[in-house]
Structure formats: C-alpha cells, structure tokens
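In: Need coordinates for the below:
(chains A and B)
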Amino acid sequence: MAVLALRHSEFLSRGARLFGLSADAVSQNNAVVEKLALPFPLLSDPERDRAITPLGFADEDDPRRISRPGTVVVSPAAEVVFTVTGRDYADRPNEDELLAVIDDLGLAPTTQSPPIVGPVEAGPNAVPASGLPFYFRGAKFAVMALRGRHRELGEGFRDDTKEYVQMVERYLDALPGVEQRRA
Amino acid sequence: MAIDFEALDNLGATWRLTDHLDAAAVITFHRGDF
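Out: The predicted model follows:
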C-alpha cells in the first residue's frame, strides 16, 4: 500500500483513483490509513458478501475468511479492463503494469480527496509504523537465507525468492514517503 | 460486462463503485500493510 501511495499522483494524472479493499474491520483499515498516511481510502467488506465474493476474490480455503490478494482496474464505463489474482499477499502486480493499463484508457487527469477516517483500532497482528523497516528487512533477509539454504530447489524457487526480495525492497524504498506525507 | 459493488468506507458508510466512476478505479485487495 505504501508503494501505491508513493505513486498516487501518477495514477491521478492518468485519470484513475486508488482504493484498497479487504475483509478487515473498518477500524482496522483506519489504523492502516493512519499508519501509512494513505491518500486514498481502504474499503471494508467484513462479511465478504458486498465486494469480495461478487468480484470472485473470496478465499474459501482460508479459515480467516480474508480475500485473495489481487487488483482490479475498472473503467469509467464500469467495465473491468484488468484483473490479476496473486498467489499470496506478496504476489502483486507491478505498478508500472497498472499504469500502462490505465494509459490505454486515455482518460483526463482526476483528483481524489484524502479519506476521512473514523475510529481506529489496529488489528491484533499489526506491525507499528516504527517497526516496519525492521519487519521488511527481516522478511528480506529470511528469504535470502532460505534461497541460499535450498539451492537444490532450482530456478523456480530462486526466481520466486528474487521477486519477493524485490517487492520488499520496493516497500522499504516507499517508507520515507510515509514520513513525508505525515509531515 | 458492467459491474458494480459496494463496501464500507472509512467512516463505516456504504460506498458504491458506480458513485465514483467519473474516473477509472484501481481496486487493490490488500492484507494489512501489503
């Protein structure tokens, strides 16, 4: 989310607004909006019946009833022009790929009001803002250690871990932007 | 095929996709910070 926030203006200049969506409670999403100083709203579908299931993102194998990760781009004509479903929470489309999809729509620039946040309650597993650099670095070095330990798993595993590390590095690079938006 | 859906906004009010389509919408299904 921090990476998308960093590139928010690039989406707006191409005529697209950003929205996050999850099965988390409104108060938990509010905690993430505040923590990452997000300039766009995080929508909530705690029962999965309003958006997550109708859009085909319900993860029936997950006992926590959370959505599968993914991204949908909807045109102003309400047509889905791009959809991708990730294998896991770390499997995300590259922002450049999304911007190229929106470029093809040829839209005029738009604006987006910052979200008005209600009551805040961080989720039980939420990492505080001050811990995010350590969290991401820990994830990065754990994956690098596993890559070294399991070379026998071959190119597929190596490529997956490389992709994961690149994603974490993008998140680390986006963290200074959180502080700048907060200032 | 045109779509629509609703969810709750940051104040807990109902948010409808079709109320926000004077521009394109990029909707990311997220998990916490990711």
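In: make it CA atoms for all contacts and neighbour counts henceforth
Out: OK.
In: what residue of chain A is the furthest out?
Out: residue A:152 (31.5 Å; Cα atoms, centre = their mean).
In: any idea how far that one lies from residue A:145?
Out: Counting by Cα to Cα, to the nearest Å, the separation of residue A:152 from residue A:145 is 14 Å.
In: How about residue A:46?
Out: 36 Å.
In: same check, this time on residue A:87
Out: 22 Å.
In: Return the residues of chain B in contact with chain A.
Out: Taking Cα under 8 Å from any Cα of the partner chain as the criterion, the neighbours of chain A within chain B are B:1-12, B:15, B:18, B:21-34.
In: Select the longest strand from chain B.
Out: strand B:24-29 (DSSP state E).
In: what's next to that one, contact-wise?
Out: With Cα atoms under 8 Å, 6 or more residues apart in numbering or on different chains as the test, strand B:24-29 has contacts from A:15-22, A:67-76, A:102.
In: Please name the strands paired to it in the sheet, noting orientation.
Out: Neighbouring strands of strand B:24-29 in its sheet, by DSSP bridges, are strand A:16-22 (parallel), strand A:70-74 (antiparallel).
In: looking at it, residue A:79 is touching residue B:3, isn't it?
Out: Yes: the criterion here is Cα atoms under 8 Å, and residue A:79 meets it with residue B:3 at 6.3 Å.
In: Residue A:89 - how many residues pack around it?
Out: Residue A:89 sits with 17 neighbouring residues when counted by other Cα atoms under 10 Å in any protein chain shown.
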